[in-house]
Each structure stands twice: as structure tokens, then as C-alpha cells.
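*Asks:* coords please:
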Amino acid sequence: MRILIPFVVLGSLFAAYSAFWLYLSHAVKGQVAESQKRWSSEGIHVTHRNLSVEGFPYRLTLKARGVQVSQQNGRFDWSWEAPFLYATAHPWQLSHWVVNLESSSELSLTLDTEFLLRAIVGSGRISFIGDADGFPIRASFDLENMVLQSDQFYQQIDVGGIEVHVHRLEDANAGVDAAILVNEVYLGDGNVHYLNASIQGIVAEMSFKEPLPDSWDRLALAEWRDDGGVVELPHFRVVWGALDLQLDGTFSLDEAFRPIGAANVAVKGYQSLLEVLLFEGAISESVAVAVGLGLDILAEPIPEEDVRLLKAPVTIQDGYLSVGGIPLVPVGPIIPP
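*Replies:* Coordinates of the predicted model:
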């Protein structure tokens with residue numbers, strides 16, 4: 001009989017764990033239903049079919065087909081569709097879920113019914129840690145083989161990969177920290193003029209002070225601005241053909257909803273930027289020549305790279321972007337009157 005005791009104990013533990021796992025699987029499905037109700041009250045609508053929970057004994061894997069998530073407020077509408085996805089968590093850490101997108105999914109964004117952007121994602125992985133109400137505290141997006149389409153583009157834009165990491169600070173009034181990494185962006189020959197058709201990479205680290213506006217309209221943006229809304233950009237870099245630009249700064253909005261702020265910039269290949277501004281009619285040829293000569297004087301030569309490095313303060317104020325105190329480009333409001 002003593003020989004059987006360990007087997008009886010193990011069998012009892014296995015039966016208890018099986019019952020616990022079964023309880024959690026039903027609880028997770030119930031939590032999904034409750035979360036959908038809460039999200040619906042926030043204007044976020046979620047639909048799906050064939051919801052199931054698998055993964056016994058080490059995981060809880062939530063599978064669904066025909067997933068659709070959308071939010072509409074008349075100014076900034078978005079929707080996301082995936083034919084199939086599965087989300088996995090461990091029974092001992094149900095606040096942390098990993099969502100796998102093994103098939104193509106589509107994200108659509110509409111701004112003021114005028115600008116439509118479609119993003120088709122080939123595959124990806126989303127990881128998030130949620131709070132008690134199911135809203136993410138931390139989220140990471142690792143998406144591959146994206147295609148961007150819009151009636152504002154001459155042709156589609158291909159993106160090799162994009163990573164987005166977001167951290168909602170525990171203080172509800174503290175805002176959000178975010179980091180973005182974009183690799184291998186092909187704009188197509190029809191979308192560019194003087195700069196290269198491919199962007200080698202974009203890196204950005206940013207911090208949004210005050211919670212982000214719930215909607216894209218003047219009232220919400222004004223409330224965010226008046227409450228001290230600021231975007232801090234401790235690091236930004238884009239490598240685009242001959243252009244290598246890095247900056248750090250702080251930005252907000254003025255009373256006319258125009259960007260306002262100050263930054264430090266370090267740029268190689270600044271002549272290509274002047275050529276683009278000239279081609280687009282933002283500056284005249286005489287201004288381009290004068291500014292180019294002035295920047296050449298300020299820039300430092302880098303003999304080993306045969307280029308010049310320009311370090312200068314950049315400001316956006318009163319509707320103009322200025323470099324080294326020289327107004328270059330007019331800057332309009334980010335939202336129409």
C-alpha cells in the first residue's frame with residue numbers, strides 16, 4: 001500500500017490542477033466577454049467567432065477566427081481585421097498575453113473622412129501586460145512585411161519590419177512612454193524626388209506627458225495642451241539615402257494648433273533636405289543657395305567620411321521652423337479649423 005501512496009498523491013495533484021486549468025479556461029472566456037463590454041462602453045467594438053481555449057497543461061491558448069476591432073468617433077476612425085489569431089498566457093501569469101499573427105491582417109485608419117491609410121501586415125507578434133480591467137500597461141508590437149496604401153501615395157509603401165514598445169505609466173495622469181524602430185522602408189520611385197527611394201531605418205524614443213487625447217479634434221487637443229501636454233523626444237534618428245538626421249527635443253501645440261518646440265539637431269547630408277524643400281516650393285532657389293552656404297560655414301567636416309556634420313538648434317515657433325535662428329519652412333496647424 002505504501003508503494004501506491006506517491007501515485008495517489010500525484011494523481012490527486014494532477015486531478016486538482018486539471019480542475020484548476022479547466023476553471024481558468026472558463027474564466028478566461030468569461031473575462032473576454034466582460035472586456036468586450038467594457039471596451040464597447042469606451043467606443044471600441046470587438047467581434048469574433050469560434051472562440052476556444054486550448055493549451056493544457058502548461059498554457060492557456062485563446063483562439064479565434066474572423067476577429068474585428070474598430071472605433072469610430074467621426075474624426076479619427078480605425079479598424080483592424082485578422083482572419084485568425086491566437087493568444088497565449090501561462091496559468092500563473094494571466095496578466096501577460098502574447099498574440100501571434102500568423103496570417104495577413106489589415107489595419108485601416110481614417111482622419112476626417114479625407115485621409116485613409118490601409119496597413120496590411122504579413123505576420124507579427126504582440127505582447128502585452130494588462131491591468132485589472134484588461135487595458136494594457138505595457139505593450140510591444142513586432143510586425144513584419146507591411147504594405148501601406150493610401151490615396152495620398154503615388155504607390156504603395158513597403159515596410160520590412162516595425163517594432164513599437166509602449167509603457168503606460170502607473171499614474172493615470174502621467175502619460176505614456178514609447179519607442180519605435182522601423183527597418184527597410186521602400187517608398188517607391190513615385191513617392192520621392194531627390195531623396196533615396198528607400199529609408200534604411202528610423203528610431204524614435206518619446207514620452208507623452210499627460211494622457212493622450214481620446215479623439216482627434218480641436219476640443220480634445222486643446223484640453224491636452226492646456227493641461228500641460230508635451231511630447232518629449234529624447235532620441236530620434238532617420239537614415240534616408242545620404243541624409244542622416246538625429247535630434248532630441250520637446251514639442252507641444254500653440255493656440256493655433258501649430259507645433260511648437262525646440263530641439264538640438266545633428267545632420268549629415270543636409271543639402272538633400274534643401275533640394276527637397278526647393279522642389280516642393282517651400283523655399284526659393286535664392287534662399288536655398290544662401291541657406292546652403294550658411295550651413296556649410298556652420299558645419300564641421302568629417303574627413304574620413306567626406307561629409308560635413310551640422311549641429312544646430314532647431315525651433316518651431318509662430319508658424320515657422322528655424323535652424324540656427326534662420327526661418328526655413330512655414331508650419332501649419334495639425335488639424336484644420
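
*Asks:* which is the next helix or strand following the helix or strand containing Asn264?
*Replies:* Taking DSSP states H and E as the definition, one finds Asn264 inside strand 259-268. Sequence order places helix 270-279 as the next helix or strand after strand 259-268, per DSSP H and E.

*Asks:* so which elements touch that next one?
*Replies:* The helices and strands touching helix 270-279, judged by 3 or more C-beta pairs under 8 Å, 6 or more residues apart in numbering; DSSP states H and E, are strand 243-253, helix 285-298. To be clear about C-beta, it is placed using only N, CA and C from the backbone, and glycine gets the same treatment.

*Asks:* buried stuff in the strand holding Asn264?
*Replies:* Pro259, Ile260, Gly261, Ala263, Val265, Val267, Lys268 (16 or more other C-beta atoms under 10 Å).

*Asks:* contacting residues around that strand?
*Replies:* 231, 233, 242-254, 273, 302, 305, 307-317, 323, 331, 334 (C-beta atoms under 8 Å, 6 or more residues apart in numbering).

*Asks:* for this structure, which helix is longest?
*Replies:* helix 4-41 (DSSP state H).

*Asks:* packing partners of that one?
*Replies:* strand 44-54, strand 60-71.

*Asks:* ok, which of those comes nearest Trp224?
*Replies:* Minimum separation from Trp224 across those (C-beta to C-beta) falls at strand 60-71, 17.9 Å.

*Asks:* angle of that closest one against helix 4-41?
*Replies:* When axes from the mean of the first three to the mean of the last three C-alpha atoms, to 10 degrees is applied, the directions of strand 60-71 and helix 4-41 differ by 0 degrees.

*Asks:* so how far is strand 60-71 from its chain's centroid?
*Replies:* 20 Å (C-alpha atoms, centre = their mean, to the nearest Å).

*Asks:* who's in contact with the closest residue to Leu309 other than its chain neighbours?
*Replies:* Among residues not flanking Leu309 along the chain, Glu300 sits closest, at 5.0 Å (C-beta to C-beta, 6 or more residues apart in numbering). Residues counted as contacts of Glu300 (C-beta under 8 Å, 6+ apart) are Arg308, Leu309, Leu310, Lys311.

*Asks:* pull out the buried members of those residues.
*Replies:* Arg308, Leu310.

*Asks:* let me have the contacts of Glu300 in TSV, extended by secondary structure and pLDDT.
*Replies:* Formatted as TSV, these follow (DSSP: H, G, I helix; E, B strand; the rest coil; pLDDT from 0 to 100):
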residue	secondary structure	pLDDT
Arg308	strand	83
Leu309	strand	88
Leu310	strand	87
Lys311	strand	89
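
*Asks:* tell me the two of the contacts of Glu300 that are most distant?
*Replies:* Arg308 and Lys311, at 10.5 Å, using C-beta to C-beta across the contacts of Glu300.

*Asks:* remind me which helix or strand the residue nearest the centre of the chain belongs to.
*Replies:* By C-alpha atoms, centre = their mean, the mean C-alpha position of the chain lies nearest to Val164, the distance being 5.3 Å. Element membership of Val164 [criterion: DSSP H and E] is strand 157-168.

*Asks:* what does Arg125 give?
*Replies:* Using DSSP H and E, Arg125 falls in strand 115-130.

*Asks:* what's whatever helix or strand comes next after that strand packed up against?
*Replies:* As assigned by DSSP H and E, the chain's next helix or strand after strand 115-130 is strand 136-150. Here strand 136-150 touches strand 115-130, strand 157-168, going by 3+ C-beta pairs under 8 Å, 6+ apart.

*Asks:* check which residues of the shortest one are buried.
*Replies:* Translated: strand 157-168. Quick answer for strand 157-168 (16+ other C-beta under 10 Å): Ile157, Val159, Gly161, Ile162, Glu163, Val164, His165, Val166, His167, Arg168.

*Asks:* elements contacting it?
*Replies:* strand 136-150, strand 176-186.

*Asks:* may I see these organised as TSV, with distance to Phe208 added?
*Replies:* TSV is the format used below for the helices and strands packed on strand 157-168 (distance: least, C-beta to C-beta, whole Å):
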stretch	distance to Phe208
strand 136-150	14
strand 176-186	5
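
*Asks:* is it possible to get JSON lines of the helices and strands packed on strand 136-150 that adds distance to Arg49?
*Replies:* Below are the helices and strands packed on strand 136-150 laid out as JSON lines (distance: least, C-beta to C-beta, whole Å):
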{"stretch": "strand 115-130", "distance to Arg49": "20"}
{"stretch": "strand 157-168", "distance to Arg49": "28"}
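
*Asks:* show me the shaky parts of the stretch 201-337 of the chain.
*Replies:* Scanning the stretch 201-337 of the chain for pLDDT under 70 picks out no residues.

*Asks:* run the last query once more with 90
*Replies:* Within the stretch 201-337 of the chain, the segments meeting pLDDT under 90 span 208-222, 224, 227-229, 240-243, 267, 269-312, 322-330, 334-337.
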